[in-house]
Structure formats: C-alpha cells, structure tokens
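# 3D, please:
(one chain, ligands or ions: 2)
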Amino acid sequence: MSTIQKTAFITGVTGQDGAYLSEFLLKKGYIVHGLKRRSSLFNTDRIDHLYQDPHVDHRNFFLHYGDMTDGTNLIRLIKEIQPDEIYNLAAMSHVAVSFETPEYTGNADGLGTLRILDAVRLLGLEKKTRIYQASTSELYGKVQQVPQSETTPFYPRSPYAVAKMYAFWITVNYREAYGMYACNGILFNHESPIRGETFVTRKITRATSRIALGLQDKLYLGNLDAKRDWGHAKDYVRMMWMILQADEAEDWVIATGKTTPVRDFVRMSFAEVGIELEFKGEGVEEKGYVKSCSNPKFQLEIGTQVLAVDPKYFRPTEVDLLIGDPTKAKTKLGWECKYDLPALVKDMMQSDLKLMQKDQYLKDGGYQTLNYFE
Ligand code: NDP
Ligand code: GDR
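Ligands and ions are numbered 1, 2, ... in the order given. Here you go, the predicted model:
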C-alpha cells in the first residue's frame, strides 16, 4: 500500500517541543523542515542527533535560517517548502523574561503567528496547509474557574500571555474568515530532560543533582506555592500531530488534569536521590533543609540548608493555579498520557544526574564548569 509522504514545517525546531516533534514526525515518515535562528554559537544541541549532512542524497530533515519577526523570510520559506502541515512552536517562551522584553515578545509570539497565517493565505495555500498554533494555559491566568477547559474565559497575566492571546484569536479568525485548517492546542506545562534550564522544573532537577553531587550548595527559587499541571513533552507533541489529523479544525486543551505546587516538585526531585526535605518558615523566609539522606553515595548532613526563596524570581503578576480538563481531547481524539508526574520527575532526574556527573569529572580534572543558576 503506498502512502503519500507528507511535508511539515516546524518553527521553533531547536526548542524542547520542536526537537521531540521532529523526531516523532520523522519516525512517521514525514519530510521535516525546521526554522532556526542564526546565533553566534551553535544552537542545535537538541536536534544534533537528527542532523543530516547536506551533501548526501535522500535527506528528510532540513534546517532553514529565519525569524518570526521577519515576514518576507517566512513567506519565501513557506513558498519553497509547500508544507502540508505547519507547527508554529517558535516563541519567546519564558513568562518572567516577557516582563523584561514585552515589545519583542509581542512581535515574535503575537505578530509572528499572524505572519505565518498570512503567508499561507497570500500564497493561496489555505486548502493545502494545516496549521497548529502553540497556545498555552497561561491564557487562563488569573483563576476564574477550575479545571480549565476549552470554554473557560481567558485572563492573561503577562506580556507573554497577552501576546499568545492575540495569537490564539488571530488563528481562530483566519480559520473562520478564510476557511483555513488552523487549530490552537492549549497546552498546559510540559517538561522533559531537554526542558530549558531556566524553567522551574529543570532548574530544580539540575540543582538537585548538583547539590547531591556536591557541585552546588543551595537552590534559590521564587514562588513555591504556584501550582502547575505538569505533563511530559513527549506525550504532548504526539497530541500536536493528532490535532492536525482530526476531521475538523478545532481548539483543544491538553493537560493531565492534576496539579502540584512547586514545593512538591522540589520534594519529589530530592526524593529521587534519597534525600528527604523539610520546609520551615513562610513566604520569603521559607527554607528547605535535609531531614534524612538514605543514599550512601551522597554525603549531605542532616540539617543542611539546600533551598531558599529569592524574591527576584517573583513575577509582577503571577498565575497561581493551573489545572486542565483534557476531556475533549481524550474522548474525541483518544489521547492518553503515558507519563505521570512521578515518571516525569524520575526521567528528568536520571538525565540530569548523568549530565552533572560529567561536570563532576570536569571539575575533578581541573576544568571550569557552568556556574549559572538563573
Ligand atoms: P522553547 O523555549 O524550548 O523553544 C522555543 C523555540 O522558539 C526555540 O527553538 C527558539 O529558538 C525559537 N524562537 C524563539 N524566538 C524566535 C524567533 N523570534 N524566531 C524564530 N524562532 C524563535 O519552548 P518549548 O519548546 O517549551 O515550547 C514550544 C512552544 O509552545 C512555544 O511557543 C511555547 O510558548 C509554547 N508552549 C509551551 C509550553 C511548555 O510547557 N513547554 C506550554 C504551552 C505552550 P532558540 O533555540 O534559538 O532560542
Ligand atoms: P510557566 O513556567 O511560567 O508556567 O510557563 P515556569 O517553569 O517558568 O514557572 C512555573 C511556576 O514556577 C514558579 N517559580 C519559578 N519559575 C522559574 N522559572 N524560576 C524560579 O526560580 C521559580 N520559582 C518559582 C513561577 O513563578 C511559576 O508560577 C511555562 C512556559 O513553558 C510557557 O511558555 C508556557 O506557555 C507555560 O509554561 C504553560
């Protein structure tokens, strides 16, 4: 039985989701084109295992330079690639950083989405090209109702979320105005061993590994009370693809349906290396201490302080509670999560422990290691 080989264009291919999605689509037999930014150093760590020598025949993975703020570049690329599916994952994706760079965030995350949609329209590809827009649970922002579903009203709480709200509605508008197959996946937080190092989960699993190995003394965090619905990125990229295979273009919530405070994520990460923590104090005075250490490999004394709150990580406006209702995706598309939170924490901790052991060898050999804890 012969099947027609599909072509996908992924913006944000060098990011966490772009890397997992590329792998997923290549395994499905797609030709994958990715948009990467020019940077002064290589920025392709997450996709280096997929890289193909440009001088060999029969390649199915291509990278193109470009930027979400450069409309002519996007039009030219989409014209050349003629994609069956576009996954618009590129974004300045850090909520706290968006308060520092609000105009750029609006341009890349909000107008960038318009540039993709309008390129497809301009090129007359409305009936050929399906578009996935990376929408976010940050749209819900200030808690109005839980669990949050496709019908929950939005109340964005950061320049990032406001930009993504424009992107959400312009996607809906182009679907309704021009009959385009364009969908929003409203994804709740999803993490993995290749999560960016400054998002809270990865910051925690990296620091926990470093503290256990004696490479770092303390972990500084902001709001420990924030609650997030955390899933595994591998489960979520599968859903991006499923969304574009559905008969009708719609918007979908993807979440686990469970929520956990940041403090408990810390607790679970330390538990993975046999360290039990106890928390004392409140607000900015809260601290975390070693209560017991059952793993003889790690020499942490009982009572050692390993966690402190630094108010510099507080946000001007916070999103306190996210918990998604994925009923629609489960019933209409048959989506299921393979990873629960303990499995996610285990996966991240195993990976970061290995990574930090490398740092330990380097340090023991007299080499400098990365000492950046943002
Ligand atoms: P990452 O931050 O890991 O990746 C973002 C990607 O966008 C990177 O490839 C980055 O390039 C690229 N990028 C940033 N700005 C530009 C620009 N101006 N032009 C071109 N490319 C750009 O994010 P994730 O993989 O975690 O998330 C993917 C998408 O999903 C994002 O849009 C995010 O906002 C959204 N999202 C993520 C969730 C999550 O929990 N992970 C939840 C809900 C939505 P570079 O590598 O060069 O920095
Ligand atoms: P979020 O993820 O803002 O939900 O956005 P992040 O991991 O940055 O924060 C989650 C919660 O943890 C609290 N927090 C800290 N956060 C960071 N980064 N660093 C800290 O030291 C720290 N201490 C406490 C935060 O205040 C927050 O409440 C992510 C991104 O991937 C977005 O692109 C995506 O849209 C949403 O998830 C869904």
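# E126: how many residues sit nearby?
Using other Cβ atoms under 10 Å, E126 has 18 neighbouring residues. (Glycine included, C-beta is placed from N, CA and C.)
# In three-state terms, how would it be classified?
Three-state assignment for E126 (DSSP: H, G, I helix; E, B strand; the rest coil): coil.
# Need the residues that contact the longest helix along the chain.
The residue-count maximum for a helix in the chain (DSSP state H) belongs to helix 341-364. Helix 341-364 is contacted from outside by 191-193, 195, 201-202, 205-206, 208-210, 212-215, 230-232, 256, 258, 260, 265, 268-269, 272-273, 339, 368-370, using Cβ atoms under 8 Å, 6 or more residues apart in numbering.
# Using neighbour counts, pick out the buried residues of that helix.
By neighbour count with 16 or more other Cβ atoms under 10 Å, helix 341-364 contains the buried residues L341, L344, V345, K346, D347, M348, M349, S351, D352, L353, M356, D359.
# out of those residues, which touch ligand 1?
The subset of these within reach of ligand 1, by Cβ under 6 Å from any ligand atom, is empty.
# Next up, identify which helix or strand the closest residue to I47 other than its chain neighbours is on.
Nearest non-adjacent residue to I47, counting by Cβ to Cβ, 6 or more residues apart in numbering: A19, 5.0 Å away. Using DSSP states H and E, the element containing A19 is helix 16-27.
# Just checking that helix against ligand 2, any contact.
No. Residues of helix 16-27 are not located near ligand 2 by Cβ under 6 Å from any ligand atom, the shortest gap being 8.3 Å.
# Could you pull out the buried residues of that helix?
By 16+ other Cβ under 10 Å, the buried positions in helix 16-27 come out as Q16, D17, G18, A19, Y20, L21, S22, E23, F24, L25.
# so what's the fourth one up against?
Contact analysis of A19 by Cβ under 8 Å, 6+ apart lists V13, R46, I47, L50, I194.
# now the fifth one
By Cβ under 8 Å, 6+ apart, the residues touching Y20 are S192, I194, A233, K234, V237.
# how about a cut-off of 6 Å?
For Y20, the contact set (Cβ atoms under 6 Å, 6 or more residues apart in numbering) comprises A233, K234, V237.
# Columns neighbour count on top of those residues, output as CSV?
Formatted as CSV, those follow (neighbours: other Cβ atoms under 10 Å):
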residue, neighbour count
A233, 23
K234, 19
V237, 26
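# could I get those residues as CSV with pLDDT, distance to K363 and secondary structure?
What follows is these, written out as CSV (pLDDT from 0 to 100; distance: Cβ to Cβ, whole Å; DSSP: H, G, I helix; E, B strand; the rest coil):
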residue, pLDDT, distance to K363, secondary structure
A233, 98, 30, helix
K234, 98, 31, helix
V237, 98, 35, helix
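# of those, closest to I323?
Of all the contacts of Y20, I323 sits closest to A233, with 18.6 Å by Cβ to Cβ.
# Am I right that the closest one is in contact with F188?
No. A233 is beyond contact range of F188, at 11.5 Å (criterion: Cβ atoms under 6 Å).
# Enumerate the residues of the stretch 251-374 of the chain near ligand 2.
Within reach of ligand 2 by Cβ under 6 Å from any ligand atom, the stretch 251-374 of the chain has these residues: V262, Y313, R315, E318, V319.
# now do 5 Å
Neighbours of ligand 2 within the stretch 251-374 of the chain, by Cβ under 5 Å from any ligand atom: V262, Y313.
# Could I get the full set of helices for the stretch 251-374 of the chain?
Ranges of helices in the stretch 251-374 of the chain, per DSSP state H, counting those that start in this stretch, are 262-272, 327-333, 341-364.
# What's the mean pLDDT across the longest one?
What that stands for is helix 341-364. On average, the pLDDT along helix 341-364 is 95.
# cool, and the second one?
If you average the pLDDT over helix 327-333, you get 97.
# before we move on, what about the first one?
Averaged over helix 262-272, pLDDT sits at 98.
# Okay, buried residues for that helix please.
If you call a residue buried by 16+ other Cβ under 10 Å, then helix 262-272 has these buried ones: V262, R263, F265, V266, R267, M268, S269, F270, A271, E272.
# what's around N43, how many residues?
Burial measure for N43: 13 neighbouring residues, criterion other Cβ under 10 Å.
# For the stretch 101-250 of the chain, what lies in contact range of ligand 2?
So the stretch 101-250 of the chain meets ligand 2 at T136, S137, E138, N189, F199, V200, L221, G222, N223, A226 (Cβ under 5 Å from any ligand atom).
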